[in-house]
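*Asks:* build me a structure from this.
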Amino acid sequence: MLQTTKIFAIILFVILFFSGKNFSQQWSAQQKEVWAGVEKYWEINNSDPLADFKYFDDSYLGWSYSNEAPGTREDALKSRKYFSTKAKNQFNILTPARIWVNGDFAYVHYYFTLVTESLDGKPNTEKGRWTDILMKKNGTWMLVGDHGGEI
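*Replies:* This next block holds a predicted model:
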């Protein structure tokens, strides 16, 4: 009985070990390109909180959990300008959950952790989930909408 259990355990281990790649998500070249764009505008935002607005299309409508209704690119810019005077982004961690691409359109569901520091040096950590809706325009993935926030 003990011998049979050992053999079963070894076989189970081997199956799980070699099938591990089947459980992980594999991204296509298009999905990787879209995700690289998302990481880029988040990283740019850490050094200059307004620089990533070059990735916001004029048609952008976004809806943060903290807002009652979707807002325009101009609304987002006003909000960002205000909050950039209250705290500075230190770093972020992004984890993709799902990336869908169809031609020049894509959406990305992901989790984020954002660490900021207030003007008096106090750190703050925000964790949440976000969805970006993107359109490829002149070779660049542009935000046309988003939704999410702290959870």
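*Asks:* please, where are all the strands along this protein?
*Replies:* Assigned by DSSP state E, the strands in the chain fall at 56-64, 71-72, 87-102, 105-118, 123-137, 140-150.
*Asks:* for residue 151, see how far away residue 134 is.
*Replies:* 22 Å (Cβ to Cβ, to the nearest Å). Using the backbone N, CA and C atoms, a C-beta is placed for each residue, glycine as well.
*Asks:* my bad, residue 74
*Replies:* 27 Å.
*Asks:* what is the mean pLDDT for the longest helix along the chain?
*Replies:* Secondary structure of the chain read by DSSP state H shows that its longest helix is helix 29-47. Mean pLDDT, helix 29-47: 95.
*Asks:* just the angle for that helix relative to strand 140-150, thanks.
*Replies:* 70 degrees (axes from the mean of the first three to the mean of the last three Cα atoms, to 10 degrees).
*Asks:* residues near residue 112, how many?
*Replies:* As a burial measure, residue 112 scores 19 neighbours (other Cβ atoms under 10 Å).
*Asks:* with residue 101 instead?
*Replies:* Residue 101 has 21 neighbouring residues, counting by other Cβ under 10 Å.
*Asks:* and the gap between the closest residue to it other than its chain neighbours and residue 143?
*Replies:* In space, and not counting its chain neighbours, residue 101 is closest to residue 30: 4.3 Å by Cβ to Cβ, 6 or more residues apart in numbering. Remark: distance between residue 30 and residue 143 (Cβ to Cβ) = 17 Å.
*Asks:* ditto for residue 117
*Replies:* From residue 117 across to residue 143, the span is 25 Å (Cβ to Cβ).
*Asks:* can you redo the strands of the chain as CSV with mean pLDDT and distance to residue 50?
*Replies:* Conversion of those to CSV gives the following (pLDDT from 0 to 100; distance: least, Cβ to Cβ, whole Å):
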stretch, mean pLDDT, distance to residue 50
strand 56-64, 97, 10
strand 71-72, 98, 16
strand 87-102, 96, 12
strand 105-118, 97, 15
strand 123-137, 97, 18
strand 140-150, 97, 14
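*Asks:* what's the closest of those strands to residue 39?
*Replies:* Across the strands of the chain, the minimum distance to residue 39, taken as Cβ to Cβ, is reached by strand 87-102, at 6.1 Å.
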